[in-house]
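A.B. asks: sequence first, then the predicted structure:
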Amino acid sequence: MNQKANLKTSKLSHSSSSTRTESTYQKTTLPNGVRVITEAIPHVRSLSLGVWIETGSRDELPTKNGISHFIEHMVFKGTKKRTIKEIAQSIESVGGYLNAFTSKEHTCFYARVLDEHLELATDVLSDMVLSPTFPEKELLKEKNVVLEELKQAEDDPDDIIHDYFEKAIFKTHPLGMPVIGTKESISSFLRKDLIRYKSEQYTSDNLVIAAAGNISHETVVELAKRYLKNIPSSTKQKRAGKSGSVIEEPNYVLSEYYKPIQQAHICLGTIGCSVKSEKRFAMQVLNTLLGDGMSSRLFQNIREKYGFAYAVYSFNNMMQDTGSAGVYVGTDDSHVQRCIDLVWKELKSVRKHAVTKQELERTKAQLKGSLMLGMENIPNRMIRLGSSELYFGELITLDAIIAKINAVTKDEVQEMAEGLFVEDRFATVIFHPKGKHETQSE
């Protein structure tokens, strides 16, 4: 059978005044189900290539929490073709870099190289994804490495507090588990656990190749066919059937922890909207208005007016079927309650009073500018390609996104605030700087 007859290809070219960048987006689905997504940008000399797997911490059992992230580490520890050192040198020897990341929903291995090294990048990444050996001696060492990473995260309270916060709002759902795992789960991993989880998740229907830069779509497709021909398929259900427990309605939670730190840290918020929600653009405008940047309401009030914090911002994390939204503040322990009161003053203000036309337009311009500036970065374009495919099955053009942002009204922003900022649906997590040993009070 002619393999090309089974390829499904779509193409979209765009050059707009808003992006000011000529590029061509194309998608091909290979006969084995692997999706190849590219965005050709001919005026650059580099490319970013990513291999995305639709698996993350939300797909794990509690006893195996952190295994997606641990596998991400272990694929760098040797394959059937390459040693640890050869993997490290493969991309760096041509001036590029090789890295990976794991989230609650995705795992991505990626390389940034000059355009002439596309095949090398494809070879190395596919080798890592398809043929890791998970050597026992490296597994034992890497457990210690990840446990040190966990300790480092615990020593970074303004970062780790978000894990505590997500546990408070998502409770027993897998989304409440940390991406990195726990000391107990990491210590328990066996080689057979890694092999089993990888065989279940690293399948053709879960895999996307995303490439952005000075590339030819046809070349990327041919390389993907050649290097990923042996990837197994899966008959298992997709995530909708894997996630297990239902996300509970949010309710009031106050969790206070006492840690050997110098500053108090506050994270308060609730369950937000999903990346597919029609209200997501109003949510993005609301988040920018409240706490994104120096001109935001929270920054101007808590930091500039009162001087209570160095770091204060709002956040909006959108996922496949849900999200999280809230506010972070780092402050002196004596100012904790005052900062919480000031946060709620702003949240209630935007609930009760519609934003002015001038503030709405300024906020939209800030949001649009941030999105467009991000597109001048080739790795960002690759990440946008991969995540868009996994969430939507296509690339949503920047022009379409900007049109949606432009269409947001002040009434939609206020409606979003009214539905979101309800005190008895909020969780508040506080780290207090007291004592040498961690304690907890809820």
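C.D. replies: Good, I have the coordinates.
A.B. asks: grab the nearest non-local neighbour of the residue nearest to the spatial centre of the chain.
C.D. replies: What sits nearest the mean C-alpha location of the chain, by C-alpha atoms, centre = their mean, is Ser103, with 5.2 Å. Ranked by C-beta to C-beta, 6 or more residues apart in numbering and with sequence neighbours excluded, the top spatial neighbour of Ser103 is Gly56, at 5.1 Å. C-beta here means a position set from N, CA and C on the backbone, and glycine is covered the same way.
A.B. asks: how near is Thr203 to Leu98?
C.D. replies: Per C-beta to C-beta, to the nearest Å, Thr203 is found 23 Å from Leu98.
A.B. asks: wait, the residue nearest to Ser103 touches Lys104, no?
C.D. replies: Yes. Using C-beta atoms under 8 Å, Gly56 makes contact with Lys104 at a distance of 4.7 Å.
A.B. asks: who touches both of those two?
C.D. replies: Counting by C-beta atoms under 8 Å, 6 or more residues apart in numbering, the residues touching both Gly56 and Lys104 are Val179.
A.B. asks: ok, how many other residues are close to Val94?
C.D. replies: When neighbours are defined as other C-beta atoms under 10 Å, Val94 has 14 of them.
A.B. asks: related to what we said a few turns ago, what are the phi and psi angles of the residue nearest to Ser103?
C.D. replies: Backbone geometry at Gly56, expressed as degrees, to the nearest 10, gives phi -160, psi -170.
A.B. asks: so how many other residues sit close to Val51?
C.D. replies: 29.
A.B. asks: contacts only, for it.
C.D. replies: By C-beta under 8 Å, 6+ apart, the residues touching Val51 are 108-110, 125-126, 129, 207-209.
A.B. asks: buried subset of the residues you listed?
C.D. replies: Neighbour counting by 16 or more other C-beta atoms under 10 Å classes 108-110, 125-126, 129, 207-209 among the contacts of Val51 as buried.
A.B. asks: flag every buried residue along stretch 258-276.
C.D. replies: 258-259, 261, 263-275.
A.B. asks: using PDB, write out every CA atom in that stretch.
C.D. replies: Output for stretch 258-276, consisting of C-alpha atoms alone and laid out as PDB, is shown next (Å, rounded to 0.1, in the frame of the first residue of the first chain):
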ATOM      1  CA  TYR A 258       5.000  27.200  59.900                       C
ATOM      2  CA  LYS A 259       8.400  26.900  58.200                       C
ATOM      3  CA  PRO A 260      12.000  28.000  58.800                       C
ATOM      4  CA  ILE A 261      11.800  31.000  56.400                       C
ATOM      5  CA  GLN A 262      12.200  34.700  56.700                       C
ATOM      6  CA  GLN A 263       9.100  35.900  54.900                       C
ATOM      7  CA  ALA A 264       5.400  35.000  54.900                       C
ATOM      8  CA  HIS A 265       3.900  33.700  51.700                       C
ATOM      9  CA  ILE A 266       0.200  33.800  50.800                       C
ATOM     10  CA  CYS A 267      -1.600  32.000  48.000                       C
ATOM     11  CA  LEU A 268      -5.400  32.300  47.700                       C
ATOM     12  CA  GLY A 269      -7.800  31.400  45.000                       C
ATOM     13  CA  THR A 270     -10.200  28.900  43.600                       C
ATOM     14  CA  ILE A 271     -10.900  26.600  40.600                       C
ATOM     15  CA  GLY A 272     -10.800  28.600  37.400                       C
ATOM     16  CA  CYS A 273     -11.900  27.900  33.800                       C
ATOM     17  CA  SER A 274     -10.500  25.500  31.300                       C
ATOM     18  CA  VAL A 275      -8.400  26.200  28.200                       C
ATOM     19  CA  LYS A 276     -11.500  25.300  26.100                       C
END
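A.B. asks: redo the contacts of Val51 as a markdown table? Include distance to Asn65.
C.D. replies: Rendered in a markdown table, the data for the contacts of Val51 read as follows (distance: C-beta to C-beta, whole Å):
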| residue | distance to Asn65 |
| --- | --- |
| Cys108 | 19 |
| Phe109 | 21 |
| Tyr110 | 24 |
| Leu125 | 26 |
| Ser126 | 28 |
| Val129 | 22 |
| Leu207 | 23 |
| Val208 | 24 |
| Ile209 | 28 |
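A.B. asks: all set, thanks.
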